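Student: coordinates only, sequence not included:
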């Protein structure tokens with residue numbers, strides 16, 4: 001189909017492939033000088049297959065039983081593998097017509113690439129098993145049509161974050177712990193091309209003129225790219241992956257993130273249209289918790305979401321999703337979060353949900369909460385509920401408003417009903433640590449009270465933290481009348497009473 005294929009034998013000179021080295025006997029093996037156990041005895045083309053799941057290599061004896069950074073290195077891929085792959089990839093680019101390839105659907109394009117790569121392998125007389133050849137074909141197809149070396153990581157549902165620090169260093173987060181992998185890119189240019197491929201899908205760009213970009217994958221996973229000259233060691237790519245199966249509050253209860261009674265309180269808060277701010281640090285699960293709360297919004301309500309990169313996954317039928325836009329090459333056309341929130345007020349919303357409040361849009365969100373748009377929600381970065389209130393006040397001040405501090409605090413008290421605090425603990429687990437309601441003003445100070453808190457009691461032999469969720473004894477929270485209006489006061493009272501008598505510690 002592609003007219004350039006017959007030129008493979010004449011234009012592409014087969015590159016000599018070094019034969020596989022003979023493995024030395026165990027007694028003669030010497031560890032490398034740099035102490036990397038994962039590089040000992042690597043074969044260029046292993047018989048186990050080139051794309052086997054990432055596993056941890058045997059650890060060399062050390063004085064300390066713990067590693068500073070866990071390793072998920074795939075010791076089966078060596079420099080020889082990447083040399084063979086690079087030679088075949090270069091020959092493929094010479095032999096294929098990219099303009100015609102772009103006209104094919106994904107499956108047809110993949111089959112065409114596989115045919116050409118098989119011919120190249122035959123011409124170059126590269127000896128490998130069928131399994132090895134299949135893995136190599138998948139890798140090259142991913143390079144041309146997908147996200148290259150990232151594809152096997154994106155396919156794993158147990159990975160929460162993918163962190164690429166230049167072409168040769170890739171880390172992942174699994175079960176709350178960061179691990180280093182042996183996945184690498186051909187060079188920084190290939191990594192930058194994949195970054196551009198990701199951001200181009202939503203009409204954005206990343207280059208020297210615009211080296212910072214936020215984007216998303218088709219499944220909603222959040223992407224951040226920062227490229228040279230700002231990233232000194234090559235492009236840096238960070239992907240916050242979403243699970244294929246969306247988490248629910250019941251699953252959070254099962255995982256121990258919140259107790260059954262705390263989950264019931266959150267259901268009541270989501271259903272009775274309380275204005276909620278979800279606070280937490282990076283990676284604490286704020287967006288996941290926000291997605292869980294939105295499941296209890298009535299289907300007939302009109303919801304408008306505002307985000308920098310659309311990642312909320314609401315299940316209701318009447319949802320309008322808005323997304324900010326960066327400036328173009330001329331520095332024009334930027335649409336900020338504040339522009340979106342202000343425009344929401346003209347779209348007849350019943351609830352406004354802001355993916356992350358980080359600037360002057362906090363003022364417009366508070367106004368929306370206080371002018372008939374009950375049940376609005378948002379997230380922000382803060383370590384405690386008290387710090388969350390201070391951050392809102394700071395963000396409003398940053399917007400250039402010259403309002404007195406007391407006026408801003410009164411507006412916060414009149415707008416925000418509940419603050420839900422999420423935290424990521426040092427053992428990697430994520431917990432809802434506070435459910436706090438805003439009571440009002442006492443002098444110039446905002447008064448809050450905790451309805452629900454998480455207490456850490458100790459640590460087990462495996463390093464897992466032991467703790468419990470408990471009620472603080474408040475029998476009638478401030479939003480009690482709102483819960484009664486929506487018929488939820490019995491559920492709220494039962495949850496508070498049940499949590500108060502749960503005194504047995506729970507093990508994470």
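Tutor: Yep, that arrived. Note that the structure is a prediction, hence the values are computed from the model and not measured.
Student: Look up how far residue 383 lies from the residue nearest to residue 469 when sequence neighbours are not counted.
Tutor: Nearest non-adjacent residue to residue 469, counting by Cβ to Cβ, 6 or more residues apart in numbering: residue 259, 3.8 Å away. All C-beta atoms are positioned from the backbone trio N, CA, C, and that covers glycine. Going from residue 259 to residue 383 by Cβ to Cβ, to the nearest Å gives 22 Å.
Student: neighbour count winner among those two?
Tutor: Neighbour count, other Cβ atoms under 10 Å: between residue 259 and residue 383, residue 259 has more, with 23 against 15.
Student: thinking again about what came up before, pLDDT at the residue nearest to residue 469, what is it?
Tutor: Note on residue 259: pLDDT of 90.
Student: Determine the longest strand present in this protein.
Tutor: strand 445-459 (DSSP state E).
Student: residues contacting the closest residue to residue 474 other than its chain neighbours?
Tutor: Leaving aside its chain neighbours, residue 474 sits nearest to residue 451 (5.4 Å; criterion: Cβ to Cβ, 6+ apart). Shown in contact with residue 451 (Cβ atoms under 8 Å, 6 or more residues apart in numbering): 265, 435, 436, 437, 471, 472, 474, 477, 496.
Student: Show me where the stretch 251-400 of the chain has its helices.
Tutor: Secondary structure of the stretch 251-400 of the chain (DSSP state H, counting those that start in this stretch): helices at 260-271, 286-294, 337-344, 361-369, 385-398.
Student: Can I get the ones you listed in a markdown table including distance to residue 307?
Tutor: A markdown table is the format used below for the helices of the stretch 251-400 of the chain (distance: least, Cβ to Cβ, whole Å):
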| stretch | distance to residue 307 |
| --- | --- |
| helix 260-271 | 19 |
| helix 286-294 | 10 |
| helix 337-344 | 8 |
| helix 361-369 | 11 |
| helix 385-398 | 17 |
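Student: Make TSV out of these and add distance to residue 455 and mean neighbour count.
Tutor: Formatted as TSV, these follow (distance: least, Cβ to Cβ, whole Å; neighbours: other Cβ atoms under 10 Å):
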stretch	distance to residue 455	mean neighbour count
helix 260-271	12	22
helix 286-294	19	23
helix 337-344	36	20
helix 361-369	31	24
helix 385-398	16	19
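Student: Ok, which of those comes nearest residue 168?
Tutor: helix 286-294 (30.5 Å; Cβ to Cβ).
Student: and the closest one, how far from the chain's centre?
Tutor: For helix 286-294, the separation from the chain centroid amounts to 14 Å (computed by Cα atoms, centre = their mean, to the nearest Å).
Student: Show me the contact partners of that helix.
Tutor: Helix 286-294 has contacts (Cβ under 8 Å, 6+ apart) with 246-249, 252, 266, 269-270, 276, 278-280, 303, 311-316, 353, 355-356, 377, 379, 420, 422, 432.
Student: do you know how far the spatially closest residue to residue 247 that is not a sequence neighbour is from residue 281?
Tutor: Ranked by Cβ to Cβ, 6+ apart and with sequence neighbours excluded, the top spatial neighbour of residue 247 is residue 288, at 5.5 Å. For residue 288, the distance to residue 281 equals 14 Å [Cβ to Cβ].
Student: need the strands for the stretch 101-250 of the chain, in chain order.
Tutor: Remark: strands assigned in the stretch 101-250 of the chain by DSSP state E, counting those that start in this stretch are 159-165, 170-174, 177-181, 212-216, 222-226, 236-240.
Student: so which of those gets nearest residue 140?
Tutor: Closest approach to residue 140 among the strands of the stretch 101-250 of the chain is made by strand 170-174 (18.6 Å; Cβ to Cβ).
Student: Okay, now the unreliable bits of the stretch 151-300 of the chain?
Tutor: The model of the stretch 151-300 of the chain has no residue with pLDDT under 70.
Student: Only the buried residues of stretch 476-484, if you could.
Tutor: 477, 478, 479, 480, 482, 483 (16 or more other Cβ atoms under 10 Å).
Student: was I right about the fourth one contacting residue 490?
Tutor: Put plainly, it is residue 480. No - using Cβ atoms under 8 Å, residue 480 is not in contact with residue 490; the gap is 11.3 Å.
Student: Tell me the pLDDT of the residue nearest to residue 133 when sequence neighbours are not counted.
Tutor: Spatial nearest neighbour of residue 133, chain neighbours left out: residue 121 (6.6 Å); criterion: Cβ to Cβ, 6+ apart. We have a pLDDT of 79 for residue 121.
Student: got it, and residue 125?
Tutor: Note on residue 125: pLDDT of 77.
Student: Backbone dihedrals for it, both of them.
Tutor: The phi/psi pair for residue 125 (degrees, to the nearest 10) reads phi 60, psi 40.
Student: Tell me, how many residues neighbour it?
Tutor: Counted with other Cβ under 10 Å, the neighbours of residue 125 add up to 9.
Student: do the one 3 residues further on as well
Tutor: Per other Cβ under 10 Å, the neighbour tally for residue 128 reads 18.
Student: Equivalent analysis for the one 10 residues further on, please.
Tutor: Residue 138 has 17 neighbouring residues, counting by other Cβ under 10 Å.
Student: quick one on the thing from earlier: how close does the residue nearest to residue 474 sit to residue 496?
Tutor: 7 Å.
Student: Pull up the overlap in contacts between the two.
Tutor: By Cβ under 8 Å, 6+ apart, residue 451 and residue 496 have these common neighbours: 265, 471, 474, 477.
Student: Surely the second one is in contact with residue 261?
Tutor: Yes - under the criterion of Cβ under 8 Å, residue 471 makes contact with residue 261 at 7.1 Å.
Student: Between the two, which contacts overlap?
Tutor: Common contact partners of residue 471 and residue 261 (Cβ under 8 Å, 6+ apart): 452, 496, 499.
Student: Out of these, who's the most crowded?
Tutor: The most neighbours of any of the shared contacts of residue 471 and residue 261, using other Cβ under 10 Å, belong to residue 452, which has 26 neighbours.
Student: What's the first helix or strand after the longest strand of the chain?
Tutor: Next along the chain after strand 445-459, taking DSSP states H and E as the criterion, comes strand 465-471.
Student: Surely residue 259 and residue 265 touch.
Tutor: No - the pair residue 259 / residue 265 is not scored as a contact, 9.4 Å apart, by Cβ under 8 Å.
Student: what's across from the closest residue to residue 277 other than its chain neighbours in the sheet?
Tutor: Leaving aside its chain neighbours, residue 277 sits nearest to residue 419 (5.0 Å; criterion: Cβ to Cβ, 6+ apart). Counting by DSSP bridges, residue 419 is bridged to residue 277, residue 436.
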